[in-house]
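Q: quick one: sequence and predicted model below, then my questions.
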Amino acid sequence: MRRAAATAATRQAVVAAARELLATVPWREFTLEAVATRAGVTRVTVYNQVRNKAGLLDAVLTELTGRAGMDQVLTAARELGRDEALAFVVEQTCRFWHGERPVLRPLFGLAAVDAGIAAHLAGREDRRREQFRRLLPGQSEPVLAAVVAATSFPAYDALGVVGDDPGQAAGLVLRMVHGLVSGG
């Protein structure tokens, strides 16, 4: 029992160190060694926890989305009508994007030059598409693709100062989504 708790605490320290470094250092300085140093563990310990840099990024993204409850957003909206559920999902998504901008900006930027990161983020976007497919049954694939794009982090981040207020951004994004859904 103690060993499992210690392992979980070590993993949490590694993920927290990685999250902090992603938000504060250039990508070339984001290494397993740097994460180990920040977490106060050895590089071998980091390797044993996450295997490689891709595993580390996955662990960080899993922790971010889990802490924010993003995997349960659709479940939480289940009792709402379609429009209310859509508003809830968009608002929660915008709040998540806003709160995690320091980590997500470098990751999405790196996806432009790193196929592995791009593939990983694309997989997470596929899961968001599936959530919207369940939320908006009967919508065509092009409409779903447009909704996912309109609610994506790059779209949110491109809102500039509007994105500094996640409530205002959510209202704007929701109007775009309603336009896509009603016109699709």
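A: Perfect, I can see it now.

Q: which parts of this structure belong to which domain?
A: 1-59, 69-184 (automatic domain parsing).

Q: now the ones you listed as TSV including mean pLDDT and mean neighbour count?
A: (Glycine included, C-beta is placed from N, CA and C.) TSV is the format used below for the domains of the chain (pLDDT from 0 to 100; neighbours: other C-beta atoms under 10 Å):
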stretch	mean pLDDT	mean neighbour count
domain 1-59	94	16
domain 69-184	93	16
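
Q: surely Glu125 and Thr151 touch.
A: No - in this structure Glu125 lies outside contact range of Thr151 using C-beta atoms under 8 Å: 9.8 Å.

Q: phi first, then psi, for the closest residue to Trp97 other than its chain neighbours.
A: The shortest distance from Trp97 to any non-neighbouring residue, by C-beta to C-beta, 6 or more residues apart in numbering, is to Tyr156 (4.2 Å). The phi/psi pair for Tyr156 (degrees, to the nearest 10) reads phi -60, psi -50.

Q: tally of neighbours for the residue nearest to Phe96 when sequence neighbours are not counted?
A: Of all residues not flanking Phe96 in the chain, Ala68 sits nearest, at 4.7 Å (C-beta to C-beta, 6+ apart). By other C-beta atoms under 10 Å, the residues close to Ala68 number 17.

Q: state the distance from Ala68 to Thr62.
A: 11 Å (C-beta to C-beta, to the nearest Å).

Q: ranges for the helices of the chain?
A: 2-24, 32-39, 43-50, 53-68, 73-76, 82-99, 101-111, 115-135, 141-150, 153-158, 166-183 (DSSP state H).

Q: quick revisit: is the residue nearest to Trp97 in contact with Leu172, as I believe?
A: No - Tyr156 lies out of contact with Leu172 (C-beta under 8 Å); the separation is 9.8 Å.

Q: wait, Val90 sits on Leu172?
A: No - the pair Val90 and Leu172 fails to qualify as a contact (C-beta under 8 Å) at a distance of 9.7 Å.

Q: need the contact list for the closest residue to Val50 other than its chain neighbours.
A: Leaving aside its sequence neighbours, Val50 sits nearest to Leu56 (C-beta to C-beta, 6+ apart; 4.4 Å). Counting by C-beta atoms under 8 Å, 6 or more residues apart in numbering, Leu56 makes contact with 14-15, 18, 32, 35, 46, 50.

Q: Glu84: which of the residues you listed is nearest?
A: Checking those against Glu84 by C-beta to C-beta gives Val15 as the nearest, at 33.7 Å.
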